[in-house]
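A.B. asks: How does the following fold in three dimensions:
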Amino acid sequence: MRKIRILTGDRPTGRLHIGHYFGSLKTRLEMQEKEEYEPYILIADVQALTDNFNNPEKVRKNVLEVATDYLAIGIDPNKTTIYIQSMIPEVAELTVFYSNLVTIARLKRNPTVKTEIAQKKEIFGESVTYGFLGYPVNQAADITAFEGELVPVGEDQEPLIEQCREIVRKFNSIYGNVLVEPKAVLSSTKRIKGLDGNEKMGKSLGNAIYLSDSEDEITRKVMGAVTDPGRIKKDDLGNPDICMVAYYHNLFSTKNEIETICQECREGRRGCVACKKQLAKNIIETLRPIREKRAYYEEHPELVEQILLEGTKKAQLVARETMKKVKKAMQLDYFEEEKK
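C.D. replies: Coordinates of the predicted model:
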């Protein structure tokens, strides 16, 4: 019985943080353990270059960092194939083919792309590059090269999956029913806010707790988190609804702890320092197994490299089979008869 193929991944622009963990990594771990699924995870270095083209060293270094994070959280290479995007030439080839099926106007209307372009004014100014504007086309090639049926994403990425579905429908309407139309699998957890209250936790915003952070780093970051601005003294009545520390307690503390914390905060019986110290302790204990496992792989980088190499080889075989079907449908399968 053919398993349902899952395709997901991350850009290697930095280590992974708790936003990634709650947003998509937990879903990947759950799906990995189900017999009916065959997961593929790509490290999207080509996509990372669309806005880091002038810093290739950063992208290259973080390929290994992201792979190490995957293994540290429990991604099992015996169950999940981890591979490097740039080592799958069929993805680049598909990107070229698909670029004929999407208009510039449609790419500009993609809400995810519009938001990201606005956030990257310091890179692009008023004129975005062809590569960045067209990265949803490249993403569609990633998904369809592996006949990905399910794509775990956050809500903000859903427009990209819809763009992929449009490309698949357009391709199939012209060349025949060749490509698989994917479905988005949305995380049950909404996007995690940053420690500063920003709606987005990001590598470039300096408001993230990384899965690999040390105990001291976690404590330092938590002690600097934004609290109720109206609460000046310890015995002032607080409002946990507008406090980022209370927000994070909802992620890392037990139900009884949360109820006690919120009640004492509202009654002015618990100060922000004590609340932050307890949160830091809970985060440290939650991430401890991940940090310990990560330390092992950091001491054995050759194991991470071997896992990436083997995963990429397996991924290459799958992508080649997809490309054969695509080229046959597009009547680009020249001299195939002579090869038989």
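A.B. asks: Report the contact partners of the closest residue to residue 59 other than its chain neighbours.
C.D. replies: In space, not counting the residues next to it along the chain, residue 59 is nearest to residue 48; the distance is 4.7 Å by C-beta to C-beta, 6 or more residues apart in numbering. Yep, even glycine has a C-beta here, placed from its N, CA and C like the rest. Contact criterion C-beta atoms under 8 Å, 6 or more residues apart in numbering gives 11, 12, 13, 59, 62 as the residues in contact with residue 48.
A.B. asks: next one: residue 98
C.D. replies: 137, 140, 141, 167, 171.
A.B. asks: Next, give phi and psi for residue 83.
C.D. replies: Note on residue 83: its backbone torsions stand at phi -150, psi 170 [degrees, to the nearest 10].
A.B. asks: so it makes contact with residue 314?
C.D. replies: Yes: Residue 83 sits in contact with residue 314 when judged by C-beta atoms under 8 Å, with a separation of 7.3 Å.
A.B. asks: who's more crowded, the two?
C.D. replies: When neighbours are counted by other C-beta atoms under 10 Å, residue 83 and residue 314 differ, and residue 83 comes out ahead with 26 against 15.
A.B. asks: Spell out the secondary structure type for residue 7.
C.D. replies: Using DSSP: H, G, I helix; E, B strand; the rest coil, the secondary structure recorded for residue 7 is strand.
A.B. asks: isn't it right up against residue 183?
C.D. replies: No: shown here, residue 7 and residue 183 do not form a contact pair, counting by C-beta under 8 Å, at 11.1 Å.
A.B. asks: Name the residues contacting each of those two.
C.D. replies: Joint contacts of residue 7 and residue 183 (C-beta under 8 Å, 6+ apart) are 150, 151.
A.B. asks: Would you double-check that residue 197 falls in a strand?
C.D. replies: No: the assignment for residue 197, made by three-state DSSP, is coil rather than a strand.
A.B. asks: Pull up the gap between it and residue 207, please.
C.D. replies: For residue 197, the distance to residue 207 under the criterion C-beta to C-beta, to the nearest Å works out to 8 Å.
A.B. asks: Compare neighbour counts for these two and give me the winner.
C.D. replies: With neighbours defined as other C-beta under 10 Å, residue 197 and residue 207 compare such that residue 207 has more, 22 against 15.
A.B. asks: what about the nearest residue to that one once chain neighbours are set aside, how many neighbours?
C.D. replies: Excluding its sequence neighbours, the residue lying closest to residue 207 (C-beta to C-beta, 6+ apart) is residue 194, at 3.0 Å. When neighbours are defined as other C-beta under 10 Å, residue 194 has 21 of them.
A.B. asks: Residue 194 and residue 225: what is the separation?
C.D. replies: With distances taken as C-beta to C-beta, residue 194 is found 9 Å from residue 225.
A.B. asks: same check, this time on residue 308
C.D. replies: Taking C-beta to C-beta as the measure, residue 308 and residue 225 are separated by 35 Å.
A.B. asks: Of these two, which one has the most company?
C.D. replies: Shown here are residue 308 and residue 225; by other C-beta under 10 Å, residue 225 has more neighbours (23 against 20).
A.B. asks: Let me see the backbone angles for the residue lying closest to the more buried one once chain neighbours are set aside.
C.D. replies: Counting by C-beta to C-beta, 6+ apart, the nearest residue to residue 225 once its immediate chain neighbours are dropped is residue 195, at 4.4 Å. Here is the backbone geometry of residue 195 (degrees, to the nearest 10): phi -60, psi -20.
A.B. asks: which residues does residue 195 contact?
C.D. replies: Contacts were defined as C-beta under 8 Å, 6+ apart; by that measure residue 195 touches 201, 207, 208, 209, 221, 222, 224, 225, 226, 244, 248.
A.B. asks: filter those residues to the buried ones?
C.D. replies: With neighbours counted using 16 or more other C-beta atoms under 10 Å, the contacts of residue 195 contain these buried positions: 201, 207, 208, 209, 221, 222, 225, 226, 244, 248.
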